[in-house]
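1. my questions concern the predicted model and sequence given below.
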Amino acid sequence: QVQLVESGGGLVQAGGSLRLSCAVSGRTLYAMGWFRQAPGKEREFVAAVNWNGDITYYADSVKGRFTISRDNAKNTVYLQMNSLKPEDTAVYYCARSSSRLRVGSLEYEYDSWGQGTQVTVSS
């Protein structure tokens, strides 16, 4: 059974940075993704990384500002978020893919989800 626990969310001013972490237990060597859901909006894809970290994929809205990475020795996936904007405010979710290689952007490609961590960016 896979468990995903996010941490690192909080309140930050626009232009600031946060690093989210996702601790993974269980079968861990799969592609991983980050999604987010803002109030009143559908959940959307943010970033994904393959099983060993050498392939990444980003939503256009975060490309150049966010970086996804993983440390398999620590069973942890990270999302470094720089140059944050108020529109980045959302609950951020970590998810495990059903594939090791594919860095997908669709929710159905992910079979395990964390509980989410709130990120609030003030203007």
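-> That came in fine, so what should we check first?
2. isn't R27 up against V2?
-> Yes: the pair R27 / V2 is scored as a contact, 6.1 Å apart, by Cβ atoms under 8 Å. Bear in mind the C-beta positions are built from the backbone N, C-alpha and C, glycine included.
3. what bridges to the residue nearest the centre of the chain?
-> Among the residues of the chain, the one closest to the centroid is W34, at 2.3 Å (Cα atoms, centre = their mean). Beta-bridge partners recorded for W34 (DSSP bridges): A47, C94.
4. so what's T56 bridging to?
-> Using DSSP bridges, the beta-bridge partners of T56 come out as V49.
5. list the residues that contact it.
-> Applying Cβ atoms under 8 Å, 6 or more residues apart in numbering to T56 gives the contacts 47-50, 67-68, 103.
6. farthest-apart pair in those, please.
-> N50 and T67 (14.6 Å; Cβ to Cβ).
7. which one of these two has more residues nearby?
-> N50 (20 against 16; other Cβ atoms under 10 Å).
8. so who does the more buried one touch?
-> 31, 56, 100-103.
9. looking at these, which one is closest to G40?
-> When the contacts of N50 are compared against G40 (criterion: Cβ to Cβ), the nearest one is V103, at 27.9 Å.
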